[in-house]
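A.B. asks: Return a 3D structure for these sequence lines:
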Amino acid sequence: MIDLNRMAKEAYEVAEKRHENGANIRTDSLSMLKHCATEVVEATEALINLSNGAGTHGGYHAELADIITCVLIIAGGNGIDIEQALEEVQGKNRARAEGKGDKK
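C.D. replies: As a prediction, the model looks like this:
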């Protein structure tokens, strides 16, 4: 199984190193959330292209991975236990699927 907390720390360190090397990337949370939004748009475009026969599964998958990486960078830079956060959200969604506490 993948250690998401280790991956988050590494993703943050890599992004910081890219910034130091001159890449146009900022790792503060607000900048990364904005960057993540552009990755969502790119994933949407990749899915549309795939649906139209103009794209590849690999391109779409890579865009989804870019979205996750943005979130991991935020988690790694802020000391967020992303595995715990995901478990909590999964539990909440599981309860909602059972009709407990869903938004109406």
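A.B. asks: Which element, helix or strand, includes the residue minimising distance to the centre of the chain?
C.D. replies: Residue closest to the mean C-alpha point of the chain, counted by Cα atoms, centre = their mean, is Ile68 at 2.0 Å. Under the criterion of DSSP states H and E, Ile68 resides in helix 57-78.
A.B. asks: list the buried ones in that helix?
C.D. replies: By neighbour count with 16 or more other Cβ atoms under 10 Å, helix 57-78 contains the buried residues 59-60, 63, 66-67, 69-77. C-beta: built from backbone N, CA, C; applies to glycine.
A.B. asks: Can you give the contact residues for stretch 83-96?
C.D. replies: 3-5, 75, 101-103 (Cβ atoms under 8 Å, 6 or more residues apart in numbering).
A.B. asks: change it to 10 Å
C.D. replies: 1-8, 71, 75, 81, 100-103 (Cβ atoms under 10 Å, 6 or more residues apart in numbering).
A.B. asks: Equivalent analysis for stretch 49-61, please.
C.D. replies: Against stretch 49-61 from outside (Cβ under 10 Å, 6+ apart): 42-48, 62-63.
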